[in-house]
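# give me a 3D structure for the following:
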Amino acid sequence: MTIIESESNALPSRPATLDDRKASAPTLAPTWQLLTEGGDARIVLDAVSGLNKYGCSTYPDPGLVALGSSTASIISPEGFAAADQLRTRLQNARSTESDAVLYANEMNRIRRELLRQCGVSEGAGVDIVFAASGTDIHLIAAQALGTGESQSPLVIMVDPNETGSGVAAALAGRHFSSCSALGETVSSGAVIRDAAAIEVVNVPLRNADGVARPAEDIDADFEKLASQAATEGRHVLLILIDGSKTGTIAPTTACALKLQQQFAGRIDVLVDACQFRIAPSTMRAYFQRDFMVAVTGSKFVTGPTFSGALFIPPVCARRLRRHPIPAALRAYSSRADWPQDWETASALEPIANFGVLLRWEAALRELQAFRAVPESQVTAFITAFGNAVQKKLQDLELLEPLPLPSLDRLPLTSASSWDHIPTIHPFLLHRPDGVNGKTVLNREQTQRVYQLLHTDLTTHPDFGVGKFDNRLAGLRCQLGQPVNCGERDGVAVSVLRICASMRQVVQATANDGRAAAAIIEKAVLALEKAALLAKVTT
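Numbering: from 1, shown residues only. As a prediction, this is how the structure comes out:
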């Protein structure tokens, strides 16, 4: 990241030539390194493994079966090539333009293309604010809406177990990592300087035993909290999650619409669609209701970790544009992350965050390829994928699928697109038990299975030749990280998640769908490996 420096007062001995400018432009870091910059500690690579917190490298790994898009995906060869080409363009252009200008121009291009890929015209009045991650987006939205309020605003969200680990802290105006997106060293959990004081409350999606609560009970909790706060004159930010870690929508769109209409001007709705498992028609329906929408390029899209975008619909944007950008965002947001004509954003520093730029460039390559697939083919593949996964989960005695949620967005929009079909399939793991038949794995054991799934076990002393099916031992697969899911018989448990992604859809539908069966077969094999690992995990 770079910032415009003041020019020296010294007069040059002669006018600088193009060759002079080229020679003086410092070389950008290599692409793999830039992909780890301009974020927080979660994307820093471990010095030994070369992987980040989510088991991802910044280089493509074609041998890894990527089934964990609910958490993260390793960058594809096409995504890396797109990022690398952009880095080359930036390096060549640095001889004639400042980094800040280059960054602003490229982010404006990304903004226009992202709107286009979501079926939104530039004249529609929908603004996009970019950020380093979905967590950063929640911070930006809460501070933008909460600054200047006479009473402490209230944010209502679902159980933090079902969203990003740092989201609750970010919404409350607290640092959520050891460094900010723009490189400032901070203390995780500490209050951000100049942050608005915001109260955050959460509504559980599951009972203590991990069973999903009825939607009407969840809605009732949201309604009670929001109604009480709005009646007291407090501003409320209601966060509707469209695609939680286990694939749930909560509260219902009907609940959010009712509250928005009942307390007009006191309740704003932010749709947490950071999984980006929603179709353009659904996004536009949210915009028409003046709901903000948060997305990322690193989940369903399968771009590299992390990149975030906040879509702000016209009515909300006009209101927010009248207010100064909160000072609390200076360590997290750059001038060019905001639309060019958002005048109050000029208070932010013109810092070039090339890391987030390259990550969005890679994500856009994946999104463009996905949008080129006819919707009927998208629907057909994710239906076939889901059917095969659910059948295997039922067949394998040591795996227990969680019931899939209903992805009902009525009355906002009908189930007319692919996004009403679940693409996240969570399941519990069990091991054989001579007394009870089988016993659920605890969280530590589930984490162990998750880690071993990543690993080629053909030479492992416990799983090698003669001890484990070689076809499965050598399979390296990445599932969604374990999600805490209550207790079973006094045992704290978590679920793994096997997921479909945009990249899989593109690969499966290419060349008349010849690869679809092989992609589904690898998902089935990943479940078989998980069951075998569960069997021997202690």
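
# below-threshold pLDDT in this protein: ranges please.
Scanning the chain with the threshold set as pLDDT under 70 gives 1-25, 464-467.

# which positions within the one helix or strand residue 91 maps to qualify as buried?
Element membership for residue 91, per DSSP states H and E: helix 77-93. Burial within helix 77-93, assessed by neighbour count using 16 or more other Cβ atoms under 10 Å, is assigned to 78, 79, 80, 82, 83, 84, 86, 87, 90, 93. C-betas here are computed from N, CA, C, even on glycine.

# repeat that for stretch 485-497.
Per 16+ other Cβ under 10 Å, stretch 485-497 contains these buried residues: 485, 486, 488, 493, 494, 495, 496, 497.

# again with stretch 386-399
386, 388, 389, 392, 393, 396, 398, 399.

# those in helices, which ones?
Using DSSP state H, 386, 388, 389, 392, 393 are the members of the buried residues of stretch 386-399 that sit in helices.

# now, which of these sits nearest residue 507?
Nearest to residue 507, judged by Cβ to Cβ, of these is residue 388 at 15.6 Å.

# nearest residue to that closest one in space, ignoring adjacent ones along the chain?
For residue 388, ignoring the flanking residues on the chain, the nearest one in space by Cβ to Cβ, 6 or more residues apart in numbering is residue 520 at 4.8 Å.

# my guess is the one you found contacts residue 384. True?
Yes. Applying Cβ atoms under 8 Å, one finds residue 520 in contact with residue 384, separated by 6.4 Å.

# higher neighbour count, these two?
Applying other Cβ atoms under 10 Å to residue 520 and residue 384 shows that residue 520 carries more neighbours, namely 21 against 17.

# residue contacts, the more buried one?
384, 385, 388, 508 (Cβ atoms under 8 Å, 6 or more residues apart in numbering).

# just to revisit the earlier point, output the buried residues of helix 77-93 as a markdown table; include the columns distance to residue 445.
Putting the buried residues of helix 77-93 into a markdown table (distance: Cβ to Cβ, whole Å) gives the following:
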| residue | distance to residue 445 |
| --- | --- |
| 78 | 37 |
| 79 | 34 |
| 80 | 35 |
| 82 | 39 |
| 83 | 37 |
| 84 | 40 |
| 86 | 43 |
| 87 | 42 |
| 90 | 46 |
| 93 | 52 |
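
# farthest-apart pair in those, please.
Applying Cβ to Cβ across the buried residues of helix 77-93, the maximum distance is between 78 and 93, 22.9 Å.

# could you give the number of residues near the residue nearest to residue 314 when sequence neighbours are not counted?
Closest residue in space to residue 314, ignoring its immediate chain neighbours: residue 125 at 3.3 Å, by Cβ to Cβ, 6+ apart. The number of residues packed near residue 125 is 14, by other Cβ under 10 Å.

# where's residue 125 relative to residue 74, distance?
37 Å (Cβ to Cβ, to the nearest Å).

# look at residue 310 and give its secondary structure.
Assigned with DSSP: H, G, I helix; E, B strand; the rest coil, residue 310 falls in the strand class.

# any idea how far residue 45 is from it?
27 Å.

# more neighbours, these two?
For residue 310 versus residue 45, neighbours defined as other Cβ under 10 Å are more numerous around residue 310 (23 against 17).

# mind listing what that one touches?
By Cβ under 8 Å, 6+ apart, the contact set of residue 310 is 128, 129, 130, 131, 137, 140, 141, 292, 293, 294.

# if we go to 6 Å?
Residues in contact with residue 310, defined by Cβ atoms under 6 Å, 6 or more residues apart in numbering, are 129, 137, 141, 294.

# who wins for neighbours among the residues you listed?
Among the contacts of residue 310, the one with the most neighbours (other Cβ under 10 Å) is residue 137, at 30 neighbours.

# next SSE after the helix or strand that contains that residue?
Per DSSP H and E, residue 137 falls inside helix 134-146. Elements were assigned by DSSP H and E; along the chain past helix 134-146, the next helix or strand is strand 154-158.

# which elements pack onto that following strand?
If you count contacts as 3 or more Cβ pairs under 6 Å, 6 or more residues apart in numbering; DSSP states H and E, strand 154-158 packs onto strand 199-203, helix 215-231, strand 236-242.

# now the longest one: buried residues?
Under the neighbour-count criterion of 16+ other Cβ under 10 Å, helix 215-231 has 215, 218, 219, 221, 222, 223, 225, 226, 229, 230 buried.

# dump the strand ranked longest in the chain to CSV, keeping only the CA atoms.
Identified as the longest strand of the chain according to DSSP state E is strand 477-488. Provided in CSV are the C-alpha atoms of strand 477-488 (Å, rounded to 0.1, in the frame of the first residue of the first chain):
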residue,chain,number,x,y,z
CYS,A,477,-9.7,-32.2,-0.1
GLN,A,478,-10.8,-28.9,1.5
LEU,A,479,-14.1,-28.7,3.2
GLY,A,480,-15.7,-25.8,5.1
GLN,A,481,-14.2,-25.2,8.5
PRO,A,482,-16.0,-26.7,11.5
VAL,A,483,-18.9,-24.6,12.8
ASN,A,484,-19.9,-24.9,16.5
CYS,A,485,-23.3,-26.5,16.7
GLY,A,486,-24.4,-26.9,20.3
GLU,A,487,-24.1,-30.0,22.4
ARG,A,488,-25.1,-33.7,21.9
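
# number the residues from 11 up from this point.
Okay, using 11 as the starting number, the last item reads as strand 487-498.

# hmm, who's touching that strand?
Applying Cβ under 6 Å, 6+ apart, the external contacts of strand 487-498 come out as 74-78, 80-81, 171, 216, 218-220, 255, 450, 456-457, 460, 463, 503-509, 536.

# pairing partners for that strand, with directions?
Strand 487-498 has its sheet partners listed here by DSSP bridges as strand 75-77 (parallel), strand 501-509 (antiparallel).

# can you put those in CSV and add distance to residue 543?
Formatted as CSV, the strands paired with strand 487-498 follow (distance: least, Cβ to Cβ, whole Å):
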stretch, distance to residue 543
strand 75-77, 15
strand 501-509, 10
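
# residue 195 is nearest to which of those?
Nearest to residue 195 among these is strand 501-509 (31.6 Å), distances taken as Cβ to Cβ.

# right, and the helix or strand after the closest one?
Per DSSP H and E, the first helix or strand lying C-terminal to strand 501-509 is helix 512-519.
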